[in-house]
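Enquirer: Next one to model:
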Amino acid sequence: RKAKMSEQARDVPRLQHEEPVGPTDDVSEFVASFSDLEVESPEGREAREREWLGVDANGNDLVSLAEVDRWIQHRLISKCKKKNGDRLWLLFRPCYIKAFNKARDVAPDEAISGAMTATTDDYISKREFRLLVVYLCLYARMLDAFVMIDGGSAGVDAN
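Expert: Below you'll find the predicted structure:
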């Protein structure tokens, strides 16, 4: 019985890796561009206070997905140079709506004065900003891993 189990174990396919497996340089650079904003510390809070002014350009203390998207692009361009920043922005763009939707539900939902149906849950508040950044980095890492598992394909069946 033991010999039979050994033969079966030998027949189980195993992943073979030519080089170390881990995060790509792209996701490492993306995450590094936001690392100062993730930290729960006085320095991190100061960095977020400064950065919030750029995200909330109209000063209403709430930011839309479009404002977040624009801010991410500008942040990546400033941290990674124009060409690479734009490339990283496009590469990880599928993560932005997921991070936005996850973070926007943290603070209590309140009506927005002057709006017929919009509530604060439709936006990111200053209080939710750190979590937005955390989720951006988390979902970018997840996308990076899934693309690596998928073999870098377009994500559609070849048939």
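
Enquirer: Now do the contacts for Asp25.
Expert: Residues in contact with Asp25 (Cβ atoms under 8 Å, 6 or more residues apart in numbering): none are found. Every residue, glycine included, has its C-beta placed from N, CA and C.

Enquirer: Show me how far the host helix or strand of Val31 is from its chain's centre.
Expert: Element membership of Val31, judged by DSSP states H and E, is helix 25-32. When C-alpha coordinates are averaged (Cα atoms, centre = their mean, to the nearest Å), helix 25-32 and its chain have centres 11 Å apart.

Enquirer: okay, it in PDB with CA atoms only?
Expert: Extracted C-alpha coordinates of helix 25-32, given in PDB (Å, rounded to 0.1, in the frame of the first residue of the first chain):
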ATOM      1  CA  ASP A  25       8.400  45.200 -10.300                       C
ATOM      2  CA  ASP A  26       5.300  47.000 -11.600                       C
ATOM      3  CA  VAL A  27       3.200  46.300  -8.500                       C
ATOM      4  CA  SER A  28       6.100  47.000  -6.200                       C
ATOM      5  CA  GLU A  29       6.500  50.500  -7.800                       C
ATOM      6  CA  PHE A  30       2.800  51.100  -7.700                       C
ATOM      7  CA  VAL A  31       2.600  50.300  -4.000                       C
ATOM      8  CA  ALA A  32       5.700  52.200  -3.200                       C
END
